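# Mind looking at a prediction? Sequence and model below.
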Amino acid sequence: MTAARTALAIAALLAGTAGCTDIKYHQQTAWQARLIPEIGLEDPTATVAAVTRRATTIQAGITLVGEPNTTYAWEIGQGPCTTASSTRRIGVLGSYPNLTTDANGDAEIAQTFINGSLERGLAYYAAVVDPANRNEVLACGRLEGFSTEGNGVTG
C-alpha cells in the first residue's frame, strides 16, 4: 500500500460531498495515520485516512498489510496510542467493519462512516486490534490532521 494510494484515498474522502446543492466552501481537516506494529510484532502495518463530514460523521478508510488470510479489527480513538483501548474508541463498534486479508496479506476498507468528529487541537490514534480482544493493540499510529482549504464543501 503506497503513499500515492493513501493520497488517492484522502482525495476520494474529500470529494464525497461534491454533489451537494447548497455548497459552501470552507477549510476542512483531513487526517492520516501510518500504523506500525507493536514492539515484538512484525505485522500488521496499515494506513488510515479520515475526514469529518457535517460535524457529526467521520468518513474513514483503511489499507492493511498483515498475515495472509487473517481477520483484523480496527478503530479510531481519542488520545495517544499509549491509551488505545475500546473505551477510547470514537463511535460504535459496528462502524468499524473487520478486515480479512487475502492470500497476499492485503486488506482494504475503502470507506466507512462513524458517528463522531475529529477536532483540531485534540490527539487521536488509529489502531489495529485483535478482533477477539479489542483491548489488545497490534499496531497503532497517531492521526495527524492537515488543512484542505478550499477543497471541502458542505451542503
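Great, that's in hand. Numbering: from 1, shown residues only.

# tell me the centre residue of the protein?
residue 48 (3.6 Å; Cα atoms, centre = their mean).

# Mind exporting the C-alpha coordinates of the helix or strand encompassing residue 76 to PDB?
Using DSSP states H and E, residue 76 sits within strand 71-78. This file holds the C-alpha atoms of strand 71-78, laid out as PDB (Å, rounded to 0.1, in the frame of the first residue of the first chain):
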ATOM      1  CA  THR A  71      -9.000 -11.200  10.300                       C
ATOM      2  CA  TYR A  72      -8.200  -7.900  12.000                       C
ATOM      3  CA  ALA A  73     -10.300  -5.300  13.800                       C
ATOM      4  CA  TRP A  74      -9.500  -1.600  13.800                       C
ATOM      5  CA  GLU A  75     -10.700   1.700  15.400                       C
ATOM      6  CA  ILE A  76     -10.100   5.400  15.800                       C
ATOM      7  CA  GLY A  77      -9.900   6.800  19.300                       C
ATOM      8  CA  GLN A  78      -9.100   9.900  21.300                       C
END
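
# Output the contacting helices and strands for it.
Using 3 or more Cβ pairs under 8 Å, 6 or more residues apart in numbering; DSSP states H and E, the elements in contact with strand 71-78 are strand 45-53, strand 57-65, strand 99-100, strand 124-129. For the C-beta atoms, the positions are set from N, CA and C on the backbone; glycine is no exception.
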